[in-house]
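Colleague: Kindly return the folded structure for what I paste below:
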Amino acid sequence: MAEKNLIKTYMSSSYEKRVDIIIKNYTNFMGIVDGYTEGLRYMIESEKESNSRQSIGDLGVRVQSGGMPSDTTAKKAIRNVLTRDALINCDFSGNVLEGVDRVEMYIRDAYILRDMRKDYNLFNSQLGILGTEQDMFLRYIRKEATLGVLAEERGISYETVQQKMVKIKNRLKQQVVGFMEGNLGGIA
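Modeller: Residues are numbered from 1 along each chain as shown. Prediction:
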């Protein structure tokens, strides 16, 4: 599933489907979220630079004014860090989005990415309810072991491991969704 499609799909999904998306993409889920966050930061900074150049009629020639040297690389790096932090924390105070035209779109996308991070962290925090089955389930969703390998390691049939995984997934999903819906104590 392409990153953009994952973000759009996630945004419009039910809580149950969101947990399914996290499980299916577990190994690269946060990489996708971080990559999209960095892309969003890049778009914001590029738009700021473009709008700034247009507003002063940039001809491509820089003229330094004043007696103090300017460290544009450091300023740009600081701006990048501040923008990235603002996107992750959804804190747009301090004029982080000043100079961009698509403020609402950037804020909406930042909130989606924040929700994805929160959901992923909630999912990980609930793995503890699996007890002794946690290691097996994590190896499976991390794609470190197939159902066949897990069955062989435990000396049970493929079908038994498959049924176990379905039960584990459903139990975990029910727990996570319970919290997503605001039910204190989930289901455990």
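Colleague: for the chain, what's the longest helix?
Modeller: Secondary structure of the chain per DSSP state H: the longest helix is helix 29-56.
Colleague: List the buried residues in the helix or strand bottoming out on mean pLDDT in the chain.
Modeller: Across the helices and strands of the chain, mean pLDDT, DSSP states H and E gives its lowest value to helix 3-11, namely a mean of 79. By 16 or more other CB atoms under 10 Å, the buried positions in helix 3-11 come out as 6-7, 10. Using the backbone N, CA and C atoms, a C-beta is placed for each residue, glycine as well.
Colleague: For this protein, just list every one of the helices.
Modeller: Counting by DSSP H, the helices of the chain are 3-11, 15-24, 29-56, 72-89, 103-126, 134-141, 147-154, 158-180.
Colleague: Those helices: lowest mean pLDDT?
Modeller: Ranked by mean pLDDT, the helices of the chain end with helix 3-11 at the bottom, a mean of 79.
Colleague: For stretch 121-135, list the C-alpha coordinates in CSV.
Modeller: Provided in CSV are the C-alpha atoms of stretch 121-135 (Å, rounded to 0.1, in the frame of the first residue of the first chain):
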residue,chain,number,x,y,z
ASN,A,121,1.7,3.8,20.7
LEU,A,122,-1.6,2.6,22.2
PHE,A,123,-1.4,-0.6,20.2
ASN,A,124,2.2,-1.2,21.5
SER,A,125,1.2,-0.5,25.1
GLN,A,126,-1.6,-3.1,24.9
LEU,A,127,0.6,-5.9,23.8
GLY,A,128,1.2,-6.7,27.4
ILE,A,129,-2.2,-8.3,27.7
LEU,A,130,-1.0,-11.1,25.5
GLY,A,131,1.3,-12.5,28.3
THR,A,132,3.3,-15.5,27.0
GLU,A,133,1.8,-15.2,23.5
GLN,A,134,3.2,-11.7,23.0
ASP,A,135,6.6,-12.9,21.7
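Colleague: List the contacts of that stretch.
Modeller: With contacts defined as CB atoms under 8 Å, 6 or more residues apart in numbering, stretch 121-135 is touched by 19, 22-23, 137-138, 164, 168, 171-172, 175-176, 179-180, 186, 188.
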